Structure formats: structure tokens, C-alpha cells
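S.K.: Fold the following and give me the result.
(2 chains)
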Amino acid sequence: MTTLLIGTRKGFWSLTSDDARERWTVEGPSFLGHIISHVVLDPRDRRTILAGASTGHLGPTVFRSTDEGRTWTEASKPPAFAAGDRLERSVRLVFWLTPGHVDEPGVWYAGGSPQGLFRTEDGGDTWAPFDGWNDHPMWETWCEWPEENTPDGSMLHSVIVDPRDANHLYIGLSAGGVFESTDGGNDWKPLNAGSVTAFLPEIEPDFGHDPHCVRLHPLQPDRLYQQNHCGIYRMDRSEARWVRIGDNMPRDVGDIGFPIELHPRDPDTAWVFPMDGTDVWPRTSPDGRPAAYVTRDAGETWTRLDNGLPERGWLTVKRQAMTVDGGDPVGVYFGTTSGEVWGSADEGESWTPIVQHLPEIYSLEVGATAG
Amino acid sequence: MKVRIPTPLRSYTNQEKWVESSGATVADVLADLDTQFRGIRFRVVDEQGRLRQHMKIFVNQDAVRDLATPVTDADEVTIMQALSGGCGPAPAP
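M.R.: Residues are numbered from 1 along each chain as shown, chains lettered A, B, ... in the order given. As a prediction, the model looks like this:
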């Protein structure tokens, strides 16, 4: 059985499957009309769910449930910069949520737009600005403040906590690049060597890159993957250099996209959902032929996975809108901006539509009853 | 004074359209509302004390953006959502 948590432009829905992951029940909406950017289960207690929201007129907040999503309350102190902030920043959007280290129950991180980082120690009820990042002397430079350098605003995403060390953190900035802290977030350094910036005069600057989604494999925590605006990359941390494994994708498909998802038990296996990055960057399925791609050898080779997907379709899948469950074989799921959720109970070998006609899907995460 | 609450904020006021408040300025009124209806102020005003882009406040018939605008108990304060369609910039993919 798998539950999927779906954040959309117009609220929150969930899907629950039978044991075979063939039949699905849809529940919702909750928060109808609210912009729900990201809905994430706490893997430590498997009961707490946080939802990052930005609600039209009303600005940003976080909703929290401690009973697997049956009831919700608003954070009593939502993520916000400090009053009197030196740059007069205010949070426009709570974009990304990451549960903290297993040894720090109650700790979560939230990434925002503008590119602030926020932390809670009480399971999401009260949040504080994370000063080591927000007040870092290089913040304005790394974030190109006050530029909004991606089409829908700059955001901080892909907050990653090393499972071996709560003080070892990674974040992604769109745009800005990947950054790493080894001291609990007091200091940060760019980690972008090897990844390119085709949109800047300097092809390999220290920062200014546009990672779309960064993942660390929990069983091999020195293995990172990222789907970047400019390609798919892998880094084995000791090498401190990104390798463009997207060069091994078919040339006519390319290696542009938003999400990248990892097999929970195999650090060499990852899925992507390519988008068209040619011409004016349509960000739809290349040539209108939707497909996921999987690598099972850490990016050396890729296999097309389109069995069951429409022969023609111009799908867009956002960076939080692809996920995997813990089943064997692994279930792979993605949601589209056209409000469809597709699933595969066989690691992407075949796809079936689970639900359609939802609002624009921003995020898809596995909930409490994942197999 | 009477304060009129727009529909998007009535989840904070037990669905009450009109609530009672007090204060010498609009900022005072918002602070008082937040003590009565916890969390309501942050949905109207950001962390730097700025009225959110798509919110409007009227004192009687006059739109105000300066939260230091004085008010008296005889005034009627209206919090409204601007005619914006509710669309702030959407999150990027």
C-alpha cells in the first residue's frame, strides 16, 4: 500500500493504493484555493505532515498535521525573516520542506522565496530564520539579491541533511548553485565545480548555477545527484566535482528537466523526466513524446521508460512532482502541471494514469502508508 | 470599533464578518486582532510590517497603506483582499 501526498496550485489531495498498488482512492481537497508548494511526511514519526503554503492574498505559511493528515493546524509562528531584517526581506513563498536528522526529532528546514532558510525545533509549529545562511556575508552575492533570476522567482530548495551527521547540510539555489555546510549551517561554500552555466558568460563559475533538484543517497551519503537547468550530474563527494552523466542521454532527448529521484536501495539507480530545453525552452516532453528515463549504473547508460504513457503529450513535471515508494519493486510516480498523476508499480517499466483533472501539481511525496 | 473581515480571513474569526477591536492606529488594531485571533496579522502584514501586496485596509471610505494612520472607536475599519485574482507569482517548476 502506498499513500501519495499531492501539493497543487489549488490545494492538497492524497491518493492511497491497495497492496498491489493497482487501485487508488483519492481524498481531498484540503486547503482548497490555497497554493500548496510541498507536502512532506516526517519519516521519523510517520505521523507528522507539514505543508508549505502561500495563499494568494494572504502570504506564506505552514500547515501541520500530527495525525497523518486527518486534521491540520497552522504554524503559530510561520517561517519569516526577522523583523527589522538588514535587507528588509519578507518571505513570499514557503517552497521546500525537509525533515531534520533522525537524532534531532522535531527539527525541520524550510526553503523559501526569496532564498531564505528557516528552521523549526518543535515539529513545525514555530520557525526561526536560519541566520548562518540568511545572514552569511556572501548571501546577497550568491543569491544575486534583489534579482529574481528564474522565471517565477528565486527559491531555495533541496535542503539535504547528511544521515551520518546533522551538521552536514546541502542546499540548492535556483539560481545560485549548490552550497554545502559542514558546521551545522554557520558557514557555507559553493559546491558547483564541473556543472555548467550555459546562461552565463563564464561557463564554470564558482556559483550562479541553476540546480533544479539535488538528491543524496541515504545508503551512500557521499553520492549526490542533481538535475540541473544545464544537465544531469552525479558527484561522488571525495571527487568534489560534478560529472555530467546526462551526456549519456540520447542526443535528441537531451538532459534537461526538473526532478531526479533515487532508488531507495540502490545508489546506482535514478529516474528523471526529461523536458525540452531547446529553442525558447518549452519545458515540455521532448518532441511531445513523454517518457521517464532510468539509469541503473550511476549514469553511464539510460533506458527510456514510456510504456503506457501517451504517444503524444506535452507534459511538464516540476521539481518536487516525482517520487518513489519503498516497495519491491519500487513504485515510481509523477504529477503533471496538467493535473495528472501517473504511477508505475514496476520501477517505471509500465505506467498507468492514477488520477486526472486535479489542479496544477507542484509536489508529490510518499505518505505514511508506503509499502 | 467595528472591523470588517474578508472571507479569506474568516477561518481566524470563527467565520465572523464583523469583529470588535480597539487601538489608536491601524497597527494597534491589527495587533489587537492578533491577540484575539492568533495568526491573523501575519496574513495581512509581512514580517517587516508592510501591508501585503494584495491586501487593502480602509478606514471608513479611505484606503490606507500607512499602518500608523490614527483611528478612533467611531471609525469603521475594513480589511479587504485587493482585486488581484489571488495570484501572486506562482512557484517555479
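
S.K.: Confirm for me that A:A193 is in contact with A:E239.
M.R.: No: look at A:A193 against A:E239 with Cβ atoms under 8 Å: they stay out of range, at 9.2 Å. The C-beta positions use only the backbone N, C-alpha and C, and glycine is treated the same way.

S.K.: what bits of chain B have low per-residue confidence?
M.R.: B:83-93 (pLDDT under 70).

S.K.: what's the single longest helix in it?
M.R.: Identified as the longest helix of chain B according to DSSP state H is helix B:26-36.

S.K.: what's next to it, contact-wise?
M.R.: With Cβ atoms under 8 Å, 6 or more residues apart in numbering or on different chains as the test, helix B:26-36 has contacts from B:1, B:3, B:19, B:21-23, B:40-42, B:44-45, B:49, B:57, B:59, B:64, B:66-69, B:71, B:77.

S.K.: swap the cut-off to 10 Å and go again
M.R.: For helix B:26-36, contacts defined as Cβ atoms under 10 Å, 6 or more residues apart in numbering or on different chains pick out B:1, B:3, B:5, B:9, B:12-13, B:19-23, B:25, B:40-45, B:49, B:51, B:57-59, B:64-71, B:75, B:77, B:79.

S.K.: The residues you listed: which ones sit near chain A?
M.R.: Contacts with chain A within those, as defined by Cβ under 10 Å from any Cβ of the partner chain: B:L9, B:Y12, B:I40, B:F42, B:R43, B:V44, B:V45, B:G49.

S.K.: Name the nearest residue to the third one, ignoring sequence neighbours.
M.R.: Going back to what we said before, that points to B:I40. Here the nearest residue to B:I40 in space, its sequence neighbours aside, is B:Y12; by Cβ to Cβ, 6 or more residues apart in numbering or on different chains that works out to 4.3 Å.

S.K.: ok so, going back, buried ones among the ones next to chain A among the contacts of helix B:26-36?
M.R.: Neighbour counting over the ones next to chain A among the contacts of helix B:26-36 (16 or more other Cβ atoms under 10 Å in any protein chain shown) leaves B:L9, B:Y12, B:I40, B:F42, B:R43, B:V44, B:V45 as the buried ones.

S.K.: Out of those residues, which sit inside helices?
M.R.: Among those, DSSP H puts B:I40, B:F42, B:R43, B:V44 in helices.

S.K.: Helix or strand: which one has the one residue sitting closest to the centre of chain B?
M.R.: The residue lying closest to the centre of chain B (Cα atoms, centre = their mean) is B:I79, at 4.2 Å. Per DSSP states H and E: B:I79 is located in strand B:76-81.

S.K.: counting contacts, what elements does that strand pack onto?
M.R.: If contacts are counted by 3 or more Cβ pairs under 10 Å, 6 or more residues apart in numbering or on different chains; DSSP states H and E, strand B:76-81 sits against strand B:2-4, strand B:18-20, helix B:26-36, helix B:40-44, strand B:55-59, strand B:62-64.

S.K.: Deepest-packed of those, please.
M.R.: Stretch with highest mean neighbour count among these: helix B:40-44 (a mean of 22; mean count of other Cβ atoms under 10 Å in any protein chain shown).

S.K.: How far does that helix sit from its chain's centre?
M.R.: With Cα atoms, centre = their mean, to the nearest Å as the basis, helix B:40-44 stands 7 Å off its chain's centre.

S.K.: Go ahead and name everything in contact with that helix.
M.R.: Helix B:40-44 has contacts (Cβ under 10 Å, 6+ apart) with A:55, A:57-61, A:74-78, A:80, A:91, B:5-6, B:8-13, B:19, B:27, B:29-35, B:37, B:49, B:51-52, B:55-57, B:67, B:79, B:81.
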